[in-house]
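Participant: below are the sequence and a predicted model; questions follow.
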2 protein chains.
Amino acid sequence: MPSVRRVCHEFLQRQELTTVFGNPGSNELPFLAELPEGFRYVLGLHEGAVVGMADGYAQATGRPVLVNLHAASGSGNAMGALTNAVASRTPLVVVAGQQVRPAIGPEANLANVDAPSLMKPLVGWAAEPACAQDVPRALAQAVFEARLQRRPTYLSVPYDDWAADAGENASAVLDRQVQRAGVPGADQGRSLAEAVAAARSPALVLGGDIDSAGLFDDAVRLAERLGGPVWAAPSLFRLPFPNRHPQFHGVLPAGIEPVSREFEGHDLVLVLGAPVFRYHEYLPGRYLPEGTRLIQVTEDASAAARAPMGEALVADPAAVIDLLLKALDAAKEPAGGFRPAPAPATGQGTRLHPEEVFASLRDELPGDTAYVVESTSTNSSWWRQMDLRRPGSYYFPAAGGLGFGLPGAVGVAMAQPDRPVVGVIGDGSANYGITALWTAARQRLPLTVVLLRNGTYGALRWFSGLLGVPDAPGMDIPGLDFTRIAKGYGVHAQHAGSVDELRALLSRRPEGPRLIQVDTALTTPS
Amino acid sequence: MPSVRRVCHEFLQRQELTTVFGNPGSNELPFLAELPEGFRYVLGLHEGAVVGMADGYAQATGRPVLVNLHAASGSGNAMGALTNAVASRTPLVVVAGQQVRPAIGPEANLANVDAPSLMKPLVGWAAEPACAQDVPRALAQAVFEARLQRRPTYLSVPYDDWAADAGENASAVLDRQVQRAGVPGADQGRSLAEAVAAARSPALVLGGDIDSAGLFDDAVRLAERLGGPVWAAPSLFRLPFPNRHPQFHGVLPAGIEPVSREFEGHDLVLVLGAPVFRYHEYLPGRYLPEGTRLIQVTEDASAAARAPMGEALVADPAAVIDLLLKALDAAKEPAGGFRPAPAPATGQGTRLHPEEVFASLRDELPGDTAYVVESTSTNSSWWRQMDLRRPGSYYFPAAGGLGFGLPGAVGVAMAQPDRPVVGVIGDGSANYGITALWTAARQRLPLTVVLLRNGTYGALRWFSGLLGVPDAPGMDIPGLDFTRIAKGYGVHAQHAGSVDELRALLSRRPEGPRLIQVDTALTTPS
């Protein structure tokens, strides 16, 4: 009979989870022993960076990814990063090492006490199998639950289990397949199509799930058929639509009242692939204008159930776009060409305006560049200057949890070696995932990190004005030099003191990872 | 009526929780507004570092400490660090900002979904008050639970609560005091004293709690009265006894069979202030030799309940030491003087042997230096060379979770400005809490960090041999230069290429924080 380890390795091979992001400890060694040919272990120096890298990699490949973490301490280090993976609906399969079975109850050092509870309420499913022979089946469940729920899952495995005999039924798991159907029934489809066709002034709201699901181009076709305005959903983590498309009205503001104001005059708002809505600032008001009907289509049953207003259809957005394209008339009159960006605002002295930085990126880098952005105070500058027309062009920490940016950029670069990848990272953000630079260096990724240094938590400073709390402490972060830090982690780094210097640096294709630091003027997110 | 914020600030002042370690986000701003004179906010750039600093500060001051974290993402980032605080029984009071009440259910961005469950099973108590008027009482409970349980607690507060009217009963909380009695009853005390007095060959095992509770010198008195061998408990996080004292037999090995072997020939083992025991390596065997009786005295009810063998008395170890000193005869014959350290093993070329590094620390630094150690592969070298005779001389990550060392050293240095503080940090460890360097620079702490660089996860490498898994990936970490990283965070840094260079640097008193990097030969923990 094969060992539990052998069966699990083979299952992971069959499911194509052979890239493992991790940071190992003693409890994990027996799982990592005898990894078959074809497995790749990507080491991160901190578990927050490990999960951020895995998240970026999983998002860019569109596939579940295996993460290997160390007991409670390593799992704990990863939990902030998991909040983003939850919000971006990234199917991470986290396997954590546990002490040997006799050592768990007495709480030996590195015992993960009550491990299945540790990661709740973040993960969609968590378990520690009750015996070694259940480990292969439980691992399969962890993978399938992550895929079905599109949410991280967590499996804790006592390290003495891996060498155990897997038992006579172990191989049954190797052939398992689990799929989910999501096409609306005939009545559901007809009813939806009729509502859309009958709308006098329909509006479309697209969530990050649309890009995750590979529906960026389909969404354009649908929008052009509908002819109305298109917004991206608030608290956006993936761009679902070309941001300079004539129908694009931008990212919806993240407050109840401002969203409602945007919808004025529309009798139907069709929301595809988004919660309704991920508000942030609390700006109360009516959820919807009088007479506006909202229909939400999402695969996320919880997002449908918890929404405070509207009708919801839990279904595959791809199937819904498909049926609407079939049901609707041919495209309306085109709304004109792509809108050009305005001239960028300018900074002062050696402090560049973020718009100048972003205009430089737009002009100097190829049109298929993928950007992983974690610079929150420059949000409005970003959308004013960028011109993103391709799927998978934009990633942002989905829960607003800092620490996704740098690691996420590493993960995206690993997933797409033939596409230019740029991390756009604030000086506050960078510190939450700084060690990812080391992995970028070890993997020799042609990754560019543009580090925007304004010396403060800019978005927080803006928020403190919004909340009338100007005197809060802990908002300034002077004295950071990321060129030195990057070099310490083995990454080539330079400071750009002017737009010309920045453009000159960007125009050169990177051979390995590089960091470009620029000092920027303080701006506000909106 | 005063606001909830006003009452809470005043309560914190009365309880002397006026040093706040934090990393703020929007949800936290209203709590941080109008902080009264005398509050000090210590900013960390990553929540793992924030909790590590608070842990070191709380341990060195012996008092509960307030930690302020941001929603689920910031709390999640801190969870690895909390595993150490749990094991060291550090009373951290974590207050996290929550979205406004109407935004929690619909899961607005930065809503901490099911917040009280998030930190379980790590914290001893967690809550989100059901209304604003319950916040002051709940904050008091968080402080008292942390103190009574000696375990971190967690309070999630919707940010709209802080400005609310506290209600007519709010001030009742200001006068609350909660204490715990822990003196054994007369029968309990007599029975224990008789058992000890009757023992033919008693042995003493002291846990880290002895140093935490300020009982280092009392433990010496008790040991000299008993006359037998003294061990420190396995998986040690604080040194409870002078390590070159003639009765000291070292830190117990962290395996069942080796511990049992050490106890051969002793009819009584008295364990004070420790779980029985925090094993690590699984080396099965009999828990105790035939005929050995074990009595555990601890304030930690869970440690008493979960132990797999022995008798336990849940009581204040101070009271127990006191009653034993009164009950026992005068001191036995002294066992001789303090044992000198052996000549240090020597390294090769520019790679120093860790024993040479530690001998340099021992010789060049004052005898009251406090060391925060997170270099796991050099453990045996450490104890061979160091000579620690004062309370509060040694801190180590109590759960074995890396990331305590650097931040912990910052916290200890803040707590004890008049005592030399040295962080002894491995190159693997440093990355889990690297941003604490920035706080050290901002606080201008006269802290020395000795960075031991061997290019690998040395303890893990040793473990891989122990488990027969020599082929595991992810164990080497080349290409790190911590002098550059430290300078990037504003810390003075130098590389010492020889013992003489190291000694010369150490002999100079630091004016602010400094990092000294040395390359070291690979050693094993034991």
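Facilitator: Looks like it arrived, so ask away.
Participant: which residues outside the helix or strand hosting residue A:460 are in contact with it?
Facilitator: According to DSSP states H and E, residue A:460 maps onto helix A:458-466. The contact list for helix A:458-466 (CB atoms under 8 Å, 6 or more residues apart in numbering or on different chains) reads A:281, A:376-379, A:426, A:428, A:470, A:472, A:475, A:522-525, B:24-26, B:29. Where you see a C-beta, it was placed from the backbone N, CA and C, and this is true even at glycine.
Participant: can you do 6 Å?
Facilitator: A:376-377, A:470, A:472, A:475, A:522, A:524-525, B:26, B:29 (CB atoms under 6 Å, 6 or more residues apart in numbering or on different chains).
Participant: can you check stretch A:442-456 too?
Facilitator: Contacts with stretch A:442-456, where a contact means CB under 6 Å, 6+ apart, come from A:375, A:409, A:413, A:421-427, A:440, A:475-476, A:478, A:482, A:510, A:512-517, A:519-520, A:522.
Participant: so what are the domain limits for chain A?
Facilitator: Under automatic domain parsing, the residue ranges defining each domain of chain A are A:4-173, A:186-327, A:354-519.
Participant: hmm, back to that, how far is the helix holding residue A:460 from where the chain is centred?
Facilitator: Distance of helix A:458-466 from the chain centroid (CA atoms, centre = their mean, to the nearest Å) equals 24 Å.
Participant: residues of that helix that come out buried?
Facilitator: By neighbour count on 16 or more other CB atoms under 10 Å in any protein chain shown, the buried set for helix A:458-466 is A:458-464.
Participant: redo those residues as JSON lines? Include distance to residue A:276 and pLDDT.
Facilitator: Listed next are the buried residues of helix A:458-466 as JSON lines, based on distance: CB to CB, whole Å; pLDDT from 0 to 100:
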{"residue": "A:458", "distance to residue A:276": "29", "pLDDT": "90"}
{"residue": "A:459", "distance to residue A:276": "24", "pLDDT": "90"}
{"residue": "A:460", "distance to residue A:276": "27", "pLDDT": "91"}
{"residue": "A:461", "distance to residue A:276": "30", "pLDDT": "89"}
{"residue": "A:462", "distance to residue A:276": "25", "pLDDT": "90"}
{"residue": "A:463", "distance to residue A:276": "23", "pLDDT": "88"}
{"residue": "A:464", "distance to residue A:276": "29", "pLDDT": "90"}
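Participant: what's the pLDDT at the residue nearest the centre of chain A?
Facilitator: Central residue of chain A (CA atoms, centre = their mean): residue A:88, 4.6 Å from the mean position. In this model, residue A:88 is scored at 97, pLDDT.
Participant: so what pLDDT did residue A:334 get?
Facilitator: 70.
Participant: tell me who's in contact with it.
Facilitator: With CB under 6 Å, 6+ apart, residue A:334 has no contacts at all.
Participant: smallest gap between the stretch 351-500 of chain A and chain B, at which residue?
Facilitator: residue A:401 (2.7 Å; CB to the nearest CB).
Participant: can you read off the pLDDT for that residue?
Facilitator: 94.
Participant: near chain B, which residues of the stretch 151-300 of chain A are found?
Facilitator: Proximity of the stretch 151-300 of chain A to chain B, by CB under 6 Å from any CB of the partner chain, involves residues A:235, A:278-280, A:282.
Participant: burial count for residue A:473?
Facilitator: For residue A:473, the number of neighbouring residues by other CB atoms under 10 Å in any protein chain shown comes to 17.
Participant: and the pLDDT at it?
Facilitator: Note for residue A:473: predicted pLDDT of 91.
Participant: what of residue A:349?
Facilitator: 85.
Participant: that older thread, let's have the buried residues of helix A:458-466 in TSV, adding distance to residue A:351.
Facilitator: Output for the buried residues of helix A:458-466, formatted as TSV (distance: CB to CB, whole Å):
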residue	distance to residue A:351
A:458	13
A:459	18
A:460	19
A:461	16
A:462	17
A:463	22
A:464	21
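Participant: ok, of those residues, which one's closest to residue A:173?
Facilitator: residue A:459 (46.0 Å; CB to CB).
Participant: against residue A:92, how distant is the closest one?
Facilitator: 26 Å (CB to CB, to the nearest Å).
Participant: do a quick rundown of the strands in the stretch 201-350 of chain A.
Facilitator: A:202-206, A:230-232, A:248-251, A:268-272, A:293-298, A:311-314 (DSSP state E, counting those that start in this stretch).
Participant: tabulate the ones you listed (CSV), appending distance to residue B:200.
Facilitator: Shown next, in CSV, are the strands of the stretch 201-350 of chain A (distance: least, CB to CB, whole Å):
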stretch, distance to residue B:200
strand A:202-206, 80
strand A:230-232, 79
strand A:248-251, 78
strand A:268-272, 79
strand A:293-298, 74
strand A:311-314, 73
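Participant: reformat those as TSV; add mean neighbour count and mean pLDDT.
Facilitator: Below are the strands of the stretch 201-350 of chain A laid out as TSV (neighbours: other CB atoms under 10 Å in any protein chain shown; pLDDT from 0 to 100):
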stretch	mean neighbour count	mean pLDDT
strand A:202-206	25	98
strand A:230-232	25	98
strand A:248-251	18	98
strand A:268-272	24	98
strand A:293-298	22	98
strand A:311-314	17	96
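Participant: now tell me what touches the helix or strand hosting residue A:357 from outside.
Facilitator: Assigned by DSSP H and E, residue A:357 belongs to helix A:354-364. With contact meaning CB under 6 Å, 6+ apart, helix A:354-364 is reached by A:344-345, A:378, A:381-382, A:385-387, A:499, A:502-503, A:506-507, A:518, A:520, A:523.
Participant: tell me if residue A:484 really is in a helix.
Facilitator: Yes - under DSSP: H, G, I helix; E, B strand; the rest coil, residue A:484 falls within a helix.
Participant: next, the contact list for the residue lying closest to it once chain neighbours are set aside, please.
Facilitator: Of all residues beyond its chain neighbours, the one nearest residue A:484 is residue B:488 (3.4 Å), with distances taken as CB to CB, 6 or more residues apart in numbering or on different chains. By CB under 6 Å, 6+ apart, the contact list for residue B:488 reads A:481, A:484-485.
Participant: ranking these by neighbours, who comes first?
Facilitator: Most surrounded of these: other CB under 10 Å gives residue A:485, at 29 neighbours.
Participant: and the stretch 1-150 of chain A, which residues reach chain B?
Facilitator: Applying CB under 6 Å from any CB, we find that the stretch 1-150 of chain A lies next to chain B at A:24, A:26, A:29, A:32-33, A:41, A:43, A:45-46, A:72-73, A:76-77, A:79-80, A:83, A:100, A:103, A:106, A:108-110, A:113-114, A:117, A:121.
Participant: low pLDDT regions in the stretch 201-350 of chain A?
Facilitator: Across the stretch 201-350 of chain A, the ranges flagged by pLDDT under 70 are A:331-333.
Participant: returning to that earlier point: phi, psi of the residue nearest to residue A:484?
Facilitator: Torsion angles at residue B:488 (phi, psi; degrees, to the nearest 10) stand at phi -60, psi -30.
Participant: just residue A:392 next, same as before
Facilitator: Torsion angles, degrees, to the nearest 10, at residue A:392: phi 60, psi 30.
Participant: could you find the closest non-adjacent residue to it?
Facilitator: What sits nearest to residue A:392 in space, not counting adjacent residues and going by CB to CB, 6+ apart, is residue A:370, at 5.6 Å.
Participant: quick one: residues contacting residue A:408.
Facilitator: Contacts for residue A:408 (CB under 6 Å, 6+ apart) come out as A:52, A:55-56, A:372, A:395.
Participant: partners of the closest residue to residue A:473 other than its chain neighbours in the sheet?
Facilitator: Excluding its sequence neighbours, the residue lying closest to residue A:473 (CB to CB, 6+ apart) is residue B:41, at 3.7 Å. Taking DSSP bridges as the rule, residue B:41 bridges to residue B:20.
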